[in-house]
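> the following block contains a protein sequence and its predicted model.
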Amino acid sequence: MTIDEFRTSLLQAQPPANVSPLLRALWHDANGQWEEAHNIAQAREGEASHDRLHAYLHRKEGDDWNAGYWYRRAKTPVFTGSLDDEWLALAKQWLKG
């Protein structure tokens, strides 16, 4: 799936069936379903990619302290661009597999 196809899927009622949980979380987040995305992040806490997702979600929530904690757990620097840029960077990374 390309990033354009994934973005187009945001108009559907459900996330694509063939995407990873991480991409499903981004789909839910983009559709205003932050809690559903957060549940996915929490389900596999301790895995770097899910901790990275968790960081993004708390940054979006406006909880910078908590976001910082999850960036550290994911062993990645705090993203300094816009939230839209971070969402896009994560989607592209996870679409690559």
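Ah, there it is.
> what's Val78 in contact with, if anything?
Each residue near Val78 by C-beta atoms under 8 Å, 6 or more residues apart in numbering is listed here: 55, 59, 67-68, 71. Placement of C-beta: from N, CA and C, glycine included.
> which among these count as buried?
Among the contacts of Val78, those that count as buried by neighbour count (16 or more other C-beta atoms under 10 Å) are 55, 59, 67, 71.
> farthest pair within the residues you listed?
Using C-beta to C-beta, the buried ones among the contacts of Val78 reach their maximum pairwise distance at Arg59 and Tyr71, which is 8.3 Å.
> so which helix or strand takes in Gly46?
Assigned by DSSP states H and E, Gly46 falls within no helix or strand.
> from His54, how far out is it?
Counting by C-beta to C-beta, to the nearest Å, the gap from Gly46 to His54 is 10 Å.
> check Arg44 too.
Arg44 sits 10 Å away from His54 when distances are taken as C-beta to C-beta.
> pick out whichever of these two has more residues nearby.
Set Arg44 next to His54 and count neighbours by other C-beta atoms under 10 Å: His54 wins out with 26 against 15.
> my guess is that one meets Trp70, correct?
Yes - with contact taken as C-beta atoms under 8 Å, His54 and Trp70 are classed as touching, separated by 4.2 Å.
> which residues of the protein fall in helices?
Using DSSP state H, the helices of the chain run over residues 3-9, 21-30, 34-43, 48-61, 64-73, 83-96.
> give me the low-pLDDT residue ranges for this structure?
In the prediction, the chain carries no residues with pLDDT under 70.
> ok, back up a step: overlap in contacts of Arg59 and Tyr71?
When C-beta under 8 Å, 6+ apart defines a contact, the residues bordering Arg59 and Tyr71 alike are 78-79.
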